[in-house]
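Undergrad: quick one, what's the 3D model for this:
(chains A and B)
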Amino acid sequence: MKNKNSILVLSCLIIFLFKIPAAAQPNDECFNCHNDLDDAVAGLYKTDVHFSKGISCSACHGGNSSSDDTEVAMSKENGFIGVPGRKDRYKVCISCHANKDQMKKYGSNIPTDQFEKLQNSVHFQPTFNNQGPIADCITCHSVHDIKNVRDKSSKVYPTNVVELCGSCHSNANFMKNYNASLPVDQVAKYKTSIHGIQNAKGDPKVAECSSCHGNHDIMQVTDPRSRVYATNIPSVCANCHSNSKLMSAYKLPSDQYEGFIKSVHGQALLEKGDLSAPSCNDCHGNHGAVPPGIETISKVCGSCHVLNMELFEQSPHKTAFDENDLPECESCHSNHLIVHPTDEMLGTGKNSVCIECHSSSDENSGYVIAHNMKELIDSLKALDEKTKQVLDEAEQKGMDVSDAAFSLKDIRQILIQSRTEVHSFSIDKFKENIEPGFEKVNKAIISGDDAINEYYFRRIGLGFATIIVTVLVIVLYIKLRRVENKS
Amino acid sequence: MEEKKSFKEKSFNWLDKRYNITGLITFAKKKSVPKFRETIWYYFGGIALLLFVVQVISGILLLMYYKGTEDLAYESVHFISTKISFGWLIRSVHSWSANLMILAVFIHMFSVYFLKSFRKPRELTWYTGIGLLAFSMAFGFSGYLLPWNELALFATKVGTDIVGEVPLIGKPILVLLRGGEEVTGATLSRFFGFHVAIFPGIFVILLTLHLLFIQRQGMAEPDTYKKLPENEKKTIPFFPNFALRELLIWLIVINVLAILAVFFPWDLGTKADPFSSAPVGIKPEWYFLFMFQVFKFLPGEILSINGELVGLLLFSVGGLLWAFVPFWDKRTPEGKRKLILTYFGVFVIIFILIFTILGFILD
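TA: Prediction:
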């Protein structure tokens, strides 16, 4: 008897678990009938979040779910639509998901603006053969086995979303229909990134596709509204990387964003809107994001600062930095908080970065070279300033010194080039660059002085001429008086 | 024994035999200038002549380096002003002398007008004088464009636009002046041609006639002078007295010219760019300023006629009245003759002065 009872309880339990729906609708004859027929779709639907909410098949397919008569239940008069068409099937979803009241009825507090966002997204544009939106609700959330996004088996769960996006974005044949120039290796790269490695381990907190690109409101990367538009990237990365609680779990600092926005790069990008300025992804990569290694920093910086990189790599500092495990550019310029370099960073003054390694007692000549370079730059700047004053004075005196003033414009360029040449850390190469500047300044100052001298020469000349004319006038006048007196 | 003659005497005799120098001296000795309160005005014709000579000499010197093409005009003037020895002085003297010459011509013209020296038998002297004034202004207008700077380009545009408003013949004249529809490098080449070849040619003919008429008829005597008894009529011998006085004034004028050239060197401005928008404060030379200002004040339409056309008509009528004063003056009733003439002259001077001043002070 005890066994009988046990079998009964077990049977009931099996039936309850496998046969009877989680939130069975006593009147959902659609489901009952399809389930009885062992229909695979009905089998799938039992795992669907909508099924658990007691939503009948007729909610999407129409018809009368309370009738077990197929003629009645699946009649057009009762609104049966069968399988919704590709073009309009999203309408079935939004009939509830864009309707707050409807969602409340099911006790759901999911936002109801997904469709509004989707409508403006790149995915909602029509397919190349005009078969409806490129991607609609079903494309990502699936159908009949839709899970709560927090459900690990959901297609859009953080650890699954990469494969989901990759199903289209890694398919070159598919992607070329929409954007042939868009790479299709994002997933492959992502898997090599720190984010990807952690994600593959099942960590749902690391960044995946939707963390950066968004979900329903995905825009083209060139669209300023896109979350991954150049000027928006720093704040997107900062969503996680400025979260000290989240970052502490990975033993990572969380001050990069604060440093970046104060940096020369951050100010150019975020304040001036200069899209050529680097954002986080320009140094760290985007899909394959990794922190650059010590030896590779100069390559990262050198992708923009090419000359500086080339000069550094040929300089004696390259070997010295490698041997001492010093990060190359970062040692002098910092990383996220890179401020505009000043001439004070050079030389042997108190703000110099050279003296952090070199001292006056150095056996090598680094200290002397740094001192000489700084002195040459300072001298050229001072001479340039003095020359401008001389030329200004000449100009104020009405003299034309435009040629000399024009030649002075080269000094700015020479100074920029010389500051770049600093990275060769060779005084000879540096002199080669800066010396033409001294020649130009000297020529210009001579022109300025000549113009001022010419100014005084003109006045003195005029003075003499006036004296001569005055004498002539007096002589003429005397002559005239004599002639007139005679007559 | 034949008296030994000096080299000077020998040379004089040699020339006299061939060119009758004694005849010229006799003519010069006879030449005299009436001496009265207004004799001072007689010097302005000579001043204008001196300044014209300065223009010719400085112009020829500038011509050695100036290039009359769109690409090189500005650069060549800049080169003259900065690189050529005394180039700055030549250019400045040329510009200042041009302005002083027009001023002298204006003063000379008004003095002739108020002294009524244009009356019979000197009508042709007046007409040639009016022609010389017109060509002096044309010299100024064409020369203003030659440095090919921004201000000159747009002032030329405005100036030639006004010519284009003349019905029927306006457009063809505008195209003829500009060498096309717009002010371009073609206009510059054309203006250069006018300035250094066509205008000087005509000017010299008019000037020769003008001087010839004066030599032939002698200096005009005003009515008040004519009415004096013969014994009260004072004269100054032209040679050497008047000539020495004129020379003295010329020296002063040359010195003034040098002071102006040194202390206020003529600015070159920025190079003209026909595609740029018009800069603020375009103004023509001062002697066109009164006309420019009147055109600025005129409304777009007056009695449904284009305002600029009305302005042009008024200036044309006024100009013709002025130019042909010898013609209408003799037809005015004897009693009011002097009055009408004086009122008209005073009105013209006040009109020009007021609108020139407004042109300077208003933007």
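Undergrad: give me every residue in the stretch 251-363 of chain B lying close to chain A.
TA: B:251-252, B:254-255, B:258-259, B:262, B:265, B:268 (CB under 8 Å from any CB of the partner chain). Using the backbone N, CA and C atoms, a C-beta is placed for each residue, glycine as well.
Undergrad: of all these, which comes closest to A:Cys30?
TA: Nearest to A:Cys30 out of those is B:Leu268 (CB to CB; 92.4 Å).
Undergrad: right, and the closest one touches B:Glu150 too?
TA: No. Here B:Leu268 does not reach B:Glu150: they are 10.2 Å apart, not a contact under CB atoms under 8 Å.
Undergrad: just to revisit the earlier point, what subset of the residues of the stretch 251-363 of chain B next to chain A is buried?
TA: Buried by 16 or more other CB atoms under 10 Å in any protein chain shown: B:251, B:254-255, B:258, B:262, B:265, B:268, out of these.
Undergrad: kindly reformat those as a markdown table containing pLDDT.
TA: A markdown table is the format used below for these (pLDDT from 0 to 100):
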| residue | pLDDT |
| --- | --- |
| B:Leu251 | 96 |
| B:Ile254 | 96 |
| B:Asn255 | 96 |
| B:Ala258 | 95 |
| B:Val262 | 93 |
| B:Pro265 | 89 |
| B:Leu268 | 89 |
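Undergrad: of the residues you listed, which belong to helices?
TA: B:251, B:254-255, B:258, B:262 (DSSP state H).
Undergrad: could you export the residues you listed as JSON lines, including distance to A:Gly266?
TA: Shown next, in JSON lines, are these (distance: CB to CB, whole Å):
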{"residue": "B:Leu251", "distance to A:Gly266": "73"}
{"residue": "B:Ile254", "distance to A:Gly266": "68"}
{"residue": "B:Asn255", "distance to A:Gly266": "67"}
{"residue": "B:Ala258", "distance to A:Gly266": "62"}
{"residue": "B:Val262", "distance to A:Gly266": "56"}
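Undergrad: re earlier: adding distance to B:Gly159, write the residues of the stretch 251-363 of chain B next to chain A out as TSV.
TA: Listed next are these as TSV, based on distance: CB to CB, whole Å:
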residue	distance to B:Gly159
B:Leu251	35
B:Ile252	33
B:Ile254	31
B:Asn255	33
B:Ala258	30
B:Ile259	30
B:Val262	30
B:Pro265	25
B:Leu268	20
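Undergrad: for the residue lying closest to A:Cys209 once chain neighbours are set aside, give me its contacts.
TA: Closest residue in space to A:Cys209, ignoring its immediate chain neighbours: A:Cys165 at 4.4 Å, by CB to CB, 6 or more residues apart in numbering or on different chains. By CB atoms under 8 Å, 6 or more residues apart in numbering or on different chains, the residues touching A:Cys165 are A:186-187, A:209-210.
Undergrad: buried ones in the helix or strand hosting A:Cys165?
TA: Using DSSP states H and E, A:Cys165 sits in helix A:158-169. Neighbour-count burial for helix A:158-169 flags A:158-162, A:164-166, A:168-169 (criterion: 16+ other CB under 10 Å).
Undergrad: returning to that earlier point: could you check the pLDDT of the residue nearest to A:Cys209?
TA: What the model reports for A:Cys165 is a pLDDT of 95.
Undergrad: repeat for B:Thr82
TA: pLDDT, read off for B:Thr82, is 87.
Undergrad: quick one: neighbours of the closest residue to it other than its chain neighbours, just the number.
TA: Leaving aside its chain neighbours, B:Thr82 sits nearest to A:Asp400 (4.7 Å; criterion: CB to CB, 6+ apart). By other CB atoms under 10 Å in any protein chain shown, 19 other residues sit near A:Asp400.
Undergrad: residues contacting A:Asp400?
TA: A:451, B:78, B:81-82, B:88, B:268.
Undergrad: now B:Leu100
TA: B:47, B:51, B:253, B:256-257, B:260 are the contacts of B:Leu100 under CB under 8 Å, 6+ apart.
Undergrad: before we move on, back to that, going by distance to chain B, which of the buried residues of helix A:158-169 wins?
TA: A:His169 (48.6 Å; CB to the nearest CB).
Undergrad: ok, the residue lying closest to that closest one once chain neighbours are set aside - contacts?
TA: Leaving out its chain neighbours, the residue that sits closest to A:His169 by CB to CB, 6+ apart is A:Gln186, at 5.8 Å. A:Gln186 makes contact with A:165-166, A:169-170, A:209, A:287, according to CB under 8 Å, 6+ apart.
Undergrad: if we can go back for a sec, out of the ones in helices among the buried ones among the residues of the stretch 251-363 of chain B next to chain A, who's nearest B:Glu221?
TA: Ranking these by separation from B:Glu221, with CB to CB as the measure, puts B:Leu251 on top at 28.0 Å.
Undergrad: and that closest one, how far is that from A:Ile218?
TA: 89 Å (CB to CB, to the nearest Å).
Undergrad: where in chain B is pLDDT low?
TA: B:1-3, B:335, B:337, B:363 (pLDDT under 70).
Undergrad: the same query, at a cut-off of 80, please.
TA: B:1-4, B:37, B:281, B:332-338, B:363 (pLDDT under 80).
Undergrad: before we move on, the earlier item: and the contacts of A:Gln186, which is closest to B:Arg18?
TA: A:His287 (106.1 Å).
Undergrad: so who does the closest residue to A:Val149 other than its chain neighbours touch?
TA: Take A:Val149 and drop its neighbours on the chain: the residue closest to it by CB to CB, 6+ apart is A:Val156, 5.3 Å away. Taking CB under 8 Å, 6+ apart as the criterion, A:Val156 is in contact with A:140-141, A:149, A:164, A:210, A:215.
Undergrad: on that earlier part again, so which of the contacts of A:Asp400 sit within helices?
TA: Per DSSP H, the contacts of A:Asp400 map to helices at A:451, B:78, B:81-82, B:88.
Undergrad: now distance to A:Ser52 and neighbour count too, for those residues, in TSV please.
TA: Shown next, in TSV, are the ones in helices among the contacts of A:Asp400 (distance: CB to CB, whole Å; neighbours: other CB atoms under 10 Å in any protein chain shown):
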residue	distance to A:Ser52	neighbour count
A:Ala451	91	21
B:His78	87	18
B:Ser81	92	21
B:Thr82	90	18
B:Trp88	96	22
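Undergrad: perfect, that will be all.
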